[in-house]
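S.K.: here is my input; please provide its structure:
(one chain, ligands or ions: 1)
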Amino acid sequence: MKLGHLFSKVALLLLPLHTDALALSGKPHQFIVPEKRAPLQNIITWDEDSLFVHGKRIMFYGGEFHPFRLPVPSLWLDVFQKIKALGYNGVSFYSAWTLHEGKQGSFSAEGVFAWEPFFDAAKKAGVYLIARPGPYINAEVSGGGFPGFLQRVRSNLRTPDEDYQEASRNYIESITRIIAKAQITNGGPVILFQPENEYTLGADSIVFPDADYMNGLMQQFRDLGIVVPFINNVAFPNGVNAPGTDAPVDIYGHDAYPLGFDCANPSRWPDNAIPTNWRDLHMEQSPNTPYMLVEFQGGAFDPWGGNGFEKCAALLNHEFERVFYKNNFGVGCTIFNVYMPFGGSNWGNLGHPGGYSSYDYGAVITDEAKLMANFLQVSPAYLTAEPGRNTSGLYTDTNAITVTPLIGNKTNFYVTRQTRYNSLDSTSYKLRLQTNYDVGGFNVLYSSAEIFTWKKYGSRTVVVVYGGPNELHELAVSNTSGGTAVEGSGVKFSNRNGNTILNWETGSTRRVVRVGQDLYIVILDRNSVYSHWVVSTLPEGSYTHDSTASSDLIVKAGYLIRTAEISSGTIALTGDINATTEIEIIGGGHENINSFTFNGEKLQHTKDRIGFIKATVPFKAPEVKLPDLSSLSWKYTDSLPEIRNSYSDAAWTDADHAEPSNTYWNLTTPTVLWGGEYGYHTGSLITRGHFTANGDESSLLLNVSGGSAFGFSAWVNETYLGSWPGYDLYSIANITFTLPNLISGKKYVLTILSDHMGYFGNWFPGYNEMKTPRGVIGYELQGHDAADVKWKITGNLGGENFKDRVQGPLNEGGMWAERQGYHLPSPPMKDWEDSKGPTAGISKAGVGFFTTSFNLDMPKGYDIPLSFVFANSTSGTSGSAVLAYRCQLFVNGYQFGEYINNIGPQTSFPVPEGILNYHGTNFVAVSLWGLEAEGARVEGLKLVHGPIIQTGSWERREDAY
Ligand code: GAL
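M.R.: The predicted structure follows:
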């Protein structure tokens, strides 16, 4: 077979060949006994090739989704349905300890933090879950998921040290009980469980890897009822906790981010970034478990001052997926999980300092991955094929192409790529293959075109194949007497040795050919396949591998198909459209169908002579009326009364600890001044120092820690001293302020407002970086004895006894308006000033708090994302036209963004329906912290809508009559 041209680095083919057994065949099901214990259940089992569910081999093709980053439980089904529509059958999830246990010993998982609705939605959508509750998760969450009170733990975090064990016990017990109930053995969706995360490398000062630690943790989970297999996720394949080690998990796995997080260079594929030794390592480290990638790069996080998620999406685009994902299938990966198909938001201060409010992750919910997921779901022979070595010049006539064969009992698969994997050359080559690929009784002898899916309906088989633009492709079917064009032209037919050979150049017009009586081959180009969906007609809650080749429909539809049902001659689809859309059932339902509905509305349909059913769904553009925020009436209150001479901080916490709770950070001040010591862990901190002047004070040096991009401002009494406006990379800053003339014998108060960007993660056990303090870590009052200053501190009201039970422990920071609860809907505003809103600004350094409310009456039956957009004003500090400021945006009480105009990059803050009331009143509050003497003004703030999607997403009422 000769392939004409392979264009660009993206040309890479998975070539199926040689099978007559696409049913679940291959090796007999082996039940691998876990190393150190009797198996606890027999529903989820595994052998060296794949997982089994109820004895049936499955390809796990999933992605990570954090419900806590979308705090609207009624939207979780929507996300699951979208993930499922890609052909995925699984989702992994973390639980963030810090959101459940703000105060040690008091765990709560209620409201938006409840897990049961998440499990119910997964089950409804037919999605399996991998539970990853940590306790350490990383995940770009504050503290890597660790709650602030761990700042005070003396010993090493993520070790068997007693006080870490003591501190984590309540969380482990509480979260495990919740997850245990959702295991498949109890009828739930959870099939695998990951203790810890990326337990990969540790500091020299501790035992690492520590078998006592991992075994102890696993025993805790087992004792609490976890019976599904344990998995792990090392950050690179170094064999930690693999079977055969002192603390083996059941199924060993790793993650990989081969292009890193370099969103600044969205087209840079460094030499040698493609992994080539994974199979060999696997055979050394864990030959008896399936190849598992627990997190494979599906996007990137982006730091403060970063490039924005559009660039991340460009870096990790369809070309990345085509080359890198297929490389993973070349090593035989059968548990494949993408991080992440849906990102969400770091609302309510839940993020780590290395990221801003959006956690979009450059994640695309509909893309190239869909093509591979669907192919693998209809190619079960892949699960038992044995990956070979990378070869060049063996299967091809050129060393410029590398081929990785996967040799099966009957079926072989071949992954091809450019040998210089990042080459942009066009390379012509010949492939030498011996093949047979069974599609419902027909042998596809070979195909250079990729297969999207195939299905069998009665005696008919429908196969959908595709290629890249202008590629030449060839496909042969054995034992057939020739083919005919049913639709379109340009496919050349020939016959050799009883085999029908099809040859064509890929174009954007669909071709359909019939080979023999009943094999229909639908020939597409790659762009067209993106609008095709495979959807099951089985009842809600069915899993992908419950489908047979005949219970799925192949639907061409455009934006999204969610569900399908066939009953009494009616095909009923639900889905979403963004334009008038022709919907065509190209596989399935071609017999006995007399009616067709979409989202419950009956459509006029036609059926062509081969039984493809077609109908048009009209898109009705709704009128979307959004308030003009600048013309609403706003209320204003000052939110920094602390600098007024009349202010009393008598009720604040005394910052009087002479020693910190642990020795992690070297104390340089007479008493500890950082927030975590006193239970303040989020949003912002205010520290006040009282002293009586002696008249010699000349300057004040402040050393403050806040996490990347943080800022702080300082006053002495009502006099503004200055600010650190923040820079993306600085998480600690030192500034010396000149003091005004202080009068001897008079009392003064220093007030320092500092931003808290979240705690660092704790990636390396033994380093304990999570304990890095936030707040004032050093000061010198020139001319005055430092020990003579008496300090007070506050953060959110109540600290670990936080008030904000609905939005959780992190949502509310230490600013005055937040401490009063004025970010929550309808505060008592009658004495506040009328205002034009944040665009009116504040005229001196400090914090202003602006509120307004408006009604929304969004069209029903549409999914219309809304965002608050700040006019971009990235310029910065004094002297330039725009003054440095930072805003928090609260919507109905939820903090849905921090905007830092001098750092960025985020200016647009999406707020999901459910947080915004789309059919009623909404309360919005904006805090504006001006970090320059002249104050600050928001240049513009708008509510804008995104794409208008007509949707069939609704929560079905199970009990409706
Ligand atoms: C992994 C980690 C995840 C997440 C990811 C980057 O190393 O396991 O939790 O932090 O990196 O987005």
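S.K.: tell me who's in contact with the residue in the stretch 101-250 of the chain positioned nearest to the ligand.
M.R.: Nearest residue of the stretch 101-250 of the chain to the ligand (C-beta to the nearest ligand atom) works out as residue 138 at 3.4 Å. Glycine gets a C-beta too; all of them are placed from N, C-alpha and C. Neighbour list for residue 138: 144, 145, 197, 198, 761, 763 [criterion: C-beta atoms under 8 Å, 6 or more residues apart in numbering].
S.K.: just those now: which is nearest residue 445?
M.R.: Nearest to residue 445 among the contacts of residue 138: residue 198, at 44.8 Å, using C-beta to C-beta.
S.K.: so who does the closest residue to that closest one other than its chain neighbours touch?
M.R.: For residue 198, ignoring the flanking residues on the chain, the nearest one in space by C-beta to C-beta, 6 or more residues apart in numbering is residue 235 at 4.5 Å. Residues near residue 235 by C-beta under 8 Å, 6+ apart: 198, 200, 201, 254, 255.
S.K.: now for the chain: which helix has the highest residue count?
M.R.: helix 162-181 (DSSP state H).
S.K.: return the set of buried residues in it.
M.R.: Residues 163-165, 167-168, 170-172, 174-176, 178-180 are the ones in helix 162-181 that count as buried (16 or more other C-beta atoms under 10 Å).
S.K.: save these as CSV, and put in pLDDT and distance to the ligand too.
M.R.: Below are the buried residues of helix 162-181 laid out as CSV (pLDDT from 0 to 100; distance: C-beta to the nearest ligand atom, whole Å):
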residue, pLDDT, distance to the ligand
163, 96, 25
164, 98, 19
165, 98, 22
167, 98, 21
168, 98, 18
170, 98, 23
171, 98, 17
172, 98, 18
174, 98, 21
175, 98, 17
176, 98, 20
178, 98, 20
179, 98, 18
180, 98, 23
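S.K.: may I see those residues organised as JSON lines, with distance to residue 271 added?
M.R.: Listed next are the buried residues of helix 162-181 as JSON lines, based on distance: C-beta to C-beta, whole Å:
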{"residue": "163", "distance to residue 271": "47"}
{"residue": "164", "distance to residue 271": "42"}
{"residue": "165", "distance to residue 271": "45"}
{"residue": "167", "distance to residue 271": "45"}
{"residue": "168", "distance to residue 271": "43"}
{"residue": "170", "distance to residue 271": "49"}
{"residue": "171", "distance to residue 271": "44"}
{"residue": "172", "distance to residue 271": "44"}
{"residue": "174", "distance to residue 271": "48"}
{"residue": "175", "distance to residue 271": "43"}
{"residue": "176", "distance to residue 271": "45"}
{"residue": "178", "distance to residue 271": "46"}
{"residue": "179", "distance to residue 271": "43"}
{"residue": "180", "distance to residue 271": "47"}
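S.K.: tell me which two in these are the farthest apart.
M.R.: 163 and 180 (25.9 Å).
S.K.: off-centre distance for the longest helix of the chain?
M.R.: Distance of helix 162-181 from the chain centroid (C-alpha atoms, centre = their mean, to the nearest Å) equals 24 Å.
S.K.: just checking, next helix/strand downstream of that helix?
M.R.: Counting by DSSP states H and E, the next helix or strand C-terminal to helix 162-181 is strand 190-195.
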